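Asker: the following block contains a protein sequence and its predicted model.
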Amino acid sequence: THSSPALQIESLNAWYGDSHVLDNIALHVSEGETVTLLGRNGAGKTTTLRSIVGLVRRSGSIRLRGRETIKSPIHKLAPLGIGYVPEERGIFSTLSVEENLRLLPQYADSAFTVAEIYRLFPNLQERRHSQGTKLSGGEQQMLAIARVLRSGARILLLDEPTEGLAPVIVQEIGDLLKKLKSLGYTILLVEQNFRFAKKLADRFYVMENGKLAETLTLAELNRQPDVLDRYLGV
Ligand code: ATP
């Protein structure tokens, strides 16, 4: 329903084989909000995103705009407006930029057209005949985000979009995410780069050993910077 959060997770547990890696996670992201998951390596951030899109064995409740999806297979999720950009980006490296964009099914009227994608990402237009493998890390990240916009997603799950990128490209990705936020997109971001996350996020969850350890608004985090020392050792 309209008043439901874009994403609401309750009692989420997840496993790799016998290994129990997420322990009773509860979190939500409101419509139009940008929320960041922080935590050390191995805390369970990536697994949380993978659980939301059904890539790991999980139990509990995951509602998208009020609709329960815990039993939904992965191909039923994209039509509900969720788009996942994994850390390894998941573009087709042997295809051109344009083929990567044209190959996708569009699930919603809100889906960007290829022309709209190029307006938002002028550098992808310049590189539109280049193969995925020929793109820089930043261009690959832009293409990966462009693909989920093209599919019509309005809730974006982004796993460390700035990892390994030069500062000038990190800035460009930040500007892009701010733009998407201003367009009303809902964003759940996994990010180790706290300085980057601080410029975008409305709220933060801190994960530790597969559990949620803390939830903080940006203002609260600014008032208690020691929280980050405690959980992240920064
Ligand atoms: P990172 O930034 O290192 O990815 P993370 O917070 O995203 O950290 P996860 O990748 O979600 O952490 O990992 C959570 C736990 O699950 C860790 O203990 C990790 O070793 C384990 N794990 C991750 N992927 C697998 C897998 N494919 N098989 C088994 N265990 C895994």
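Answerer: Nice, I can see it. Residues are numbered from 1 along each chain as shown.
Asker: show me which residues of the chain sit near the ligand.
Answerer: Selection of the chain residues close to the ligand by C-beta under 6 Å from any ligand atom yields Tyr16, Ser19, Val21, Gly39, Asn41, Gly42, Ala43, Gly44, Lys45, Thr46, Thr47. Heads up, the C-betas are built off the backbone N, CA and C, glycines and all.
Asker: and the helices in the protein?
Answerer: 45-52, 97-102, 114-120, 122-126, 137-150, 167-182, 194-198, 218-223, 226-232 (DSSP state H).
Asker: and these as TSV, adding mean pLDDT and mean neighbour count?
Answerer: Formatted as TSV, those follow (pLDDT from 0 to 100; neighbours: other C-beta atoms under 10 Å):
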stretch	mean pLDDT	mean neighbour count
helix 45-52	97	23
helix 97-102	93	20
helix 114-120	93	16
helix 122-126	94	15
helix 137-150	94	23
helix 167-182	94	15
helix 194-198	88	17
helix 218-223	88	13
helix 226-232	78	14
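Asker: dump these into TSV; add distance to Ile74 as well.
Answerer: Listed next are the helices of the chain as TSV, based on distance: least, C-beta to C-beta, whole Å:
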stretch	distance to Ile74
helix 45-52	10
helix 97-102	19
helix 114-120	23
helix 122-126	26
helix 137-150	14
helix 167-182	23
helix 194-198	27
helix 218-223	32
helix 226-232	31
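Asker: so which of these is nearest Glu208?
Answerer: helix 226-232 (5.7 Å; C-beta to C-beta).
Asker: quick one on the thing from earlier: now, the residues of the chain next to the ligand that are in strands?
Answerer: Counting by DSSP state E, those place Tyr16, Ser19, Val21 in strands.
Asker: in ChimeraX, select just the buried ones from those residues.
Answerer: To isolate the buried ones among these in ChimeraX, judged by 16 or more other C-beta atoms under 10 Å, type:
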select :21
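Asker: now the residues of the chain next to the ligand as a markdown table including distance to Lys71?
Answerer: Shown next, in a markdown table, are the residues of the chain next to the ligand (distance: C-beta to C-beta, whole Å):
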| residue | distance to Lys71 |
| --- | --- |
| Tyr16 | 20 |
| Ser19 | 22 |
| Val21 | 20 |
| Gly39 | 27 |
| Asn41 | 31 |
| Gly42 | 28 |
| Ala43 | 26 |
| Gly44 | 22 |
| Lys45 | 24 |
| Thr46 | 22 |
| Thr47 | 19 |
